[in-house]
Structure formats: C-alpha cells, structure tokens
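Visitor: sequence unknown, structure follows:
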C-alpha cells in the first residue's frame, strides 16, 4: 500500500534523507518491510516518525516512502534504549544529542555500547518468590523500604514486583538497620544526582577521547575493534573505581565528622 500520507524527502537519485541523516548504499524498504525487519508494527514506525525519533523516508515513484539501513539501525537503537528502561522523553533527549550524520554502522555501535554498559534487566517476580529469595517474610513496610532503596518497584498487580536482583541481598540486610524511611529516600536522591553527574562527565570523555578519534579515522575497522574492546573493559573498571572512591570518601567524611564532635 503506497505511503501517500507519510511525509518525506522527495529527492530522487540522492542518498540523503531529511534531518541530515545519511542514507548509505544498500537495500531500501517500504514501511511494511522496515517494520517487519525491525520486529515492530507499522503504527510504531509512524509514531516514532511523528515524535522525531525516526527521520522521514525518501519519497520515490508513486509517492512510496523508501527507508534505508539507517532507519533500521535507529529503530534497533530505540528498542534497546526502551529495554534499558528509558522513557520516551528520555529517548527523545538521547536521540537529539546524536550527531546528525550518523551512518547505520555508527548507530549500530551506539546500540552495542548502550547494551554493554547497561545493568542487568529487572525481572517481574511474585511475592512468594520474592520472599523465598529474600529468605524471610516481608511486611508492607519492608516492601516500602526496599522500593525506597531502588531494590524493587510495585506493579499494577499487588502480588508482583519488578526486582533488581543484584541489589536484593544488600537491601534485605539493610531492612533491620534502624534508619528512617525518609532518610533512605533522601540518601537515594543524593546518590542518583551525583551518579548522573559522574556518568555525564564520563560520557563526555568517551565521546571526546574515543568516539571522535574513531570518526576522524575514517571509521577504520581496526579502530572500531579497539573501541569496542575498550568499552567492554572500561565498564567493570569504571564501576569498581566509583565504588572504591565512594567508600574511601565516605570513610574520610565520617571520620572527620566524628573527630569534630
């Protein structure tokens, strides 16, 4: 079915789409073919287009929209960001910050980096299984405290929770620590704010020292392999460095606070 109602760039013979997104030599797809290859619905493709997440297609003969590898890679990136729990608004901000001339390969690299740095996906678990893994019965107050610590989130089903399994053991240990619920919430806010600031600075360094040299190298395959390897090895090192630095800083601050008293 022709996409006569779908806006696009009517530039026959040119490999450029609107919004500055590069269209490489390669296969082209109709909206139905693109949706099928990406594993989404046609309605989703068009919705992303209206939100500016997906560039418009090139309009060819008979006013049929033609999509390329860049559109497919961008769809895969959007789906990956959604799997990591990002909201639509956050994804829009993320996509807006991407360079306007990214190729399909560039977008694929972005997706690989996002996936390699992402924490383990949260799982939905029934209350009885949650208590079994926690090793104890959980009161509503316990659940509230675990939620405040970011260990779990409530779902629409009162008997099911979205659990971050990596934090469960520590969260259960902290249940018996005499600390107010409001203090937990305030502490989490402080940690999230500073973690976000650190992540932004690290992202800036990565773009300046790793991503930009890759682009300037003419997308050399050897540089690409090195960049992927660096990303994979950086993740555990950065996490450990952050944990160690925080532990030392907190210890020093606590010692200083008690000495002053």
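Guide: The structure has been received and is ready for your questions. Being a predicted model, the structure only gives us computed values, none of them experimental. Residues are numbered from 1 along each chain as shown.
Visitor: Give me the secondary structure label for residue 125.
Guide: Classification of residue 125 using DSSP: H, G, I helix; E, B strand; the rest coil returns strand.
Visitor: That one bridge partners, please.
Guide: When assigned by DSSP bridges, residue 125 has beta-bridge partners residue 161.
Visitor: Quick check: it touching residue 160?
Guide: Yes: Residue 125 lies in contact with residue 160 (C-beta atoms under 8 Å); the separation is 6.9 Å. In short, each C-beta sits where N, CA and C put it, glycine included.
Visitor: So for the two, which residue has more residues nearby?
Guide: Using other C-beta atoms under 10 Å as the criterion, residue 125 and residue 160 rank with residue 125 on top: 19 against 15.
Visitor: so what pLDDT did the more buried one get?
Guide: Model confidence at residue 125, given as pLDDT, is 90.
Visitor: Contacts only, for it.
Guide: By C-beta atoms under 8 Å, 6 or more residues apart in numbering, the residues touching residue 125 are 133, 160, 161, 162, 163.
Visitor: and what of residue 53?
Guide: Residue 53 neighbours (C-beta under 8 Å, 6+ apart): 74, 78, 91, 92, 95.
Visitor: Quick check: the fourth one vs residue 38, distance?
Guide: If I follow you right, that is residue 92. Separation of residue 92 from residue 38 (C-beta to C-beta, to the nearest Å) stands at 18 Å.
Visitor: Repeat that for the first one.
Guide: Noted for residue 74: a distance of 9 Å to residue 38, by C-beta to C-beta.
Visitor: More neighbours: these two, which one.
Guide: residue 74 (25 against 22).
Visitor: where does this protein dip in pLDDT?
Guide: 1-26, 100, 108-110, 112-122, 210-211, 214-237, 239-240, 243, 260-261 (pLDDT under 70).
Visitor: how about the helices in it?
Guide: In order along the chain, the chain carries the following helices (DSSP state H): 31-38, 42-50, 69-83, 88-96, 104-117, 127-134, 140-148, 165-174, 181-206, 212-216, 221-260.
Visitor: Can you add distance to residue 58 and give these back as TSV?
Guide: Formatted as TSV, the helices of the chain follow (distance: least, C-beta to C-beta, whole Å):
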stretch	distance to residue 58
helix 31-38	12
helix 42-50	13
helix 69-83	10
helix 88-96	20
helix 104-117	15
helix 127-134	50
helix 140-148	48
helix 165-174	45
helix 181-206	32
helix 212-216	24
helix 221-260	27
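Visitor: quick revisit: buried ones from the contacts of residue 125, can you make that a PyMOL selection?
Guide: In PyMOL, a selection of the buried entries from the contacts of residue 125 looks like this (16 or more other C-beta atoms under 10 Å):
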select buried, resi 161+163
